[in-house]
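> please find the sequence and the predicted model below.
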Amino acid sequence: MSPLFSPSSELDELIGKKTKLLVILILFIIGLAVFVGSIVHTALGQRQIPKLVISETNRALRGGIVSKEGFKLAFSQKLYKAMVNTRNIDPDKKELFIRLFSIYSGIPEKTVAKRLRKKGNVVLSYRVDANRAKYLKSLARKLRLLDVFIPYKDKNGRIIKYGLSLTESGESRIFAYKDMLTPVMGYMRKREEDGFTRPEGVKGLEKYYQEELRPIQNGIVKGERDIGNTIILSGNSLVRPAIDGMTLYLNIPVGLQKGVEALLDKAKKELEAKEAIACIMEAESGKILSLATSNRYDPANIRRKDYPSLNVAAVEYTYEPGSVMKPITFALLLKHKRVNPFDIVRTYGGRYKLGRKIITDEHKEEWMSAENVIVHSSNIGIAQLAQRLDGVDFVEGFKDFGFTQKTGIDLPYEHTGIMPHVTQMESEIYKATVGYGYGIRVTLMQLVRAYNVFNNRGRLVEPKIVAEIVDPMGRHYPVTADESIRQVIPPATAAQMKKILEKVVLKGTGTKARTPGLQIGGKTGTAHIASRKGGYAKLYNSSFIGFANDKNHRYTIGVLVREAKKPYAYFAAMSAVPLFKQIVDLMVEQGDLVPDPSLGPRAGEKRGH
């Protein structure tokens, strides 16, 4: 009789049960390991969950530059980057998006469509201004309501849904009057600051006042967010305001500056000159009311042809000034009591030999009074009178008038000019040539400042373009001179020099500068330009430096015409003097000067030519 269950079948059944249990146990252990690993990964790994606390940065802007009347000359505005993910745009509503974005942004539809051909995140514009950015943010909300944006899954299975986004990308510098007051205003270069493009001054006022104009503090808002990713403002929120840079208020009025520039543009063209430059300074304070040139540029759109115009020639271009230095030499002679205005000087019929050098005059006079040496611009006369000064008196005297030194004007890269060493100035030839403006290099600003001594009772002041700096809290910081006012010559000597310079306009080389009812004085200078190959080229710089005063105002004015090519225009009397006169007439027209009959030529005094 065979058994119901054989021992081998029982063993097989037992082994099968154990195997199943072992498999179940292994699967359980693997599942447990996966579960524990998932928990550890979740706990320790970086999770892409929405932040509970978020922050927003509000970038502060560069300070502005404002004219004397309060017109904004330069200011900054934010630029925004407009971006969209093309995969989020509903294909059926793509044309609607293109049309609306074009209307709100001002970018042509064809340009928008072309940029949308790329797949993924696309930058539609990096230069959206603040006003358009506000409209485009409103458009973004409207597009969501119109279901223009649809979600999609990326390669990792994540659902992506972006709309039109606008973020701060940079700061744009706006020059409201284009080329006006350039190159004094200066120009900018771009600098990256944490992905934000900032403008930085390279030349002019933008460079000199870099630290004052620089943004003081970026704003920040930090706090918990709501479901729409908007910061909830509460007692726990951090709010730090943006503080923009300071504002520069200039001494220069727009009307006068534009008027002077128009006169210089006309003069450059008519005289066929390389450049025409002018400066107007208030005598007592040193305030610069106009610093203008015919060679200007648009700081927001500099082209290769503008490169020669980027420097402020009034403070960076040095030249041999010619006869405008004669009054400075004569003032030193008066100061040291080495001359009397009524001394008689022999001028040798217009031709005089000093050592190996032949000195000539336009006037073929045999004799002149010392003051007429200035009035009629005698090289021979001043060459002889200059011998009465020793080398130290010459060099130190010129330094007292501000030559070979910076004027202190608030512009960068100012040149100081050069003059011979004190030992060289013991030479007869050096005394003569430097005395009438050769062998020395100066800037127009140095000349205006020096002549201002005659118009300011013998005192030297620093010229200033900026009147005051105002911070974002409204506090005012006047811009004052870095040094105290210096008495260069006695007031009585300054008064003597004023009378002589008035006589230059009344009877001498500056008669075309006369304006009835105003006190006008000055001196012409026509100087050969030194050639790089040695000697002098057939090119000239023509200057007229002088003053124009009424009963309540005193102004010192300098005019320089560089390399006029029109026949005879190189003579200062034919170029710089008429331009000076036009500037004075403009100041009368604008009310800066008020003629009075009592200030005209003295009664009974003959007008000479």
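Sure, I can see it. Residues are numbered from 1 along each chain as shown.
> domain map for the chain?
53-236, 254-299+311-599 (automatic domain parsing).
> wait, which of those is closest to Ile243?
Closest to Ile243 of the domains of the chain is domain 53-236 (CB to CB; 4.1 Å). The way it works is simple: take the backbone N, C-alpha and C, and place the C-beta from them, glycine included.
> quick one: the closest one to chain centroid distance?
26 Å (CA atoms, centre = their mean, to the nearest Å).
> mean confidence for it?
Across domain 53-236, pLDDT averages out at 88.
> what do you get for stretch 376-384?
In this model, stretch 376-384 has an average pLDDT of 96.
> and that stretch, what's buried?
For stretch 376-384, the neighbour count (16 or more other CB atoms under 10 Å) marks His376, Ser377, Ser378, Asn379, Ile380, Gly381, Ile382, Ala383, Gln384 as buried.
> return the residues in contact with the residue nearest to Gly508 when sequence neighbours are not counted.
Distances taken as CB to CB, 6 or more residues apart in numbering put Val375 closest to Gly508, at 3.8 Å, once the chain neighbours are dropped. Neighbour list for Val375: Ile500, Lys503, Val504, Lys507, Gly508, Thr509 [criterion: CB atoms under 8 Å, 6 or more residues apart in numbering].
> over to Arg338?
If you count contacts by CB under 8 Å, 6+ apart, then Arg338 has Leu385, Arg388, Leu389 around it.
> regarding the residue nearest to the second one when sequence neighbours are not counted, which helix or strand does it belong to?
Meaning Arg388. Nearest residue to Arg388, sequence neighbours excluded (CB to CB, 6+ apart): Arg338, at 4.0 Å. Assigned by DSSP states H and E, Arg338 belongs to no helix or strand.
> from Asp390, how far off is Arg338?
Distance of Arg338 to Asp390, given as CB to CB, to the nearest Å: 10 Å.
> same thing with Lys72?
On the measure of CB to CB, Lys72 and Asp390 end up 54 Å apart.
> what does Leu73 give?
The value you get for Leu73 to Asp390, if CB to CB is used, is 49 Å.
> which one of those two is surrounded by more residues?
Of the pair Leu73 and Asp390, Leu73 is the one with more neighbours under other CB atoms under 10 Å, namely 21 against 14.
> quick check: the more buried one vs Leu264, distance?
Distance from Leu73 to Leu264, by CB to CB: 18 Å.
> what do you get for Arg158?
Taken as CB to CB, the span from Arg158 to Leu264 is 65 Å.
> between those two, who's got more neighbours?
A count of neighbours by other CB under 10 Å puts Leu264 above the other of Arg158 and Leu264, at 25 against 10.
> can you give me the buried ones in the helix or strand hosting that one?
Element membership for Leu264 (DSSP H and E) is helix 254-271. Under the neighbour-count criterion of 16+ other CB under 10 Å, helix 254-271 has 254-257, 259-261, 263-265, 267-268, 271 buried.
> hey, C-alpha coordinates of that helix in PDB?
What follows is helix 254-271 as a C-alpha-only set of coordinates in PDB (Å, rounded to 0.1, in the frame of the first residue of the first chain):
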ATOM      1  CA  VAL A 254      20.800 127.100 -20.700                       C
ATOM      2  CA  GLY A 255      19.800 130.300 -22.600                       C
ATOM      3  CA  LEU A 256      23.200 131.900 -22.400                       C
ATOM      4  CA  GLN A 257      25.100 128.700 -23.100                       C
ATOM      5  CA  LYS A 258      23.000 127.900 -26.200                       C
ATOM      6  CA  GLY A 259      23.300 131.400 -27.500                       C
ATOM      7  CA  VAL A 260      27.100 131.400 -27.100                       C
ATOM      8  CA  GLU A 261      27.400 128.000 -28.800                       C
ATOM      9  CA  ALA A 262      25.300 129.300 -31.800                       C
ATOM     10  CA  LEU A 263      27.700 132.300 -32.100                       C
ATOM     11  CA  LEU A 264      30.800 130.000 -32.000                       C
ATOM     12  CA  ASP A 265      29.300 127.700 -34.600                       C
ATOM     13  CA  LYS A 266      28.700 130.600 -36.900                       C
ATOM     14  CA  ALA A 267      32.200 132.000 -36.300                       C
ATOM     15  CA  LYS A 268      33.900 128.700 -37.000                       C
ATOM     16  CA  LYS A 269      32.100 128.400 -40.300                       C
ATOM     17  CA  GLU A 270      32.600 132.000 -41.500                       C
ATOM     18  CA  LEU A 271      36.300 132.100 -40.400                       C
END
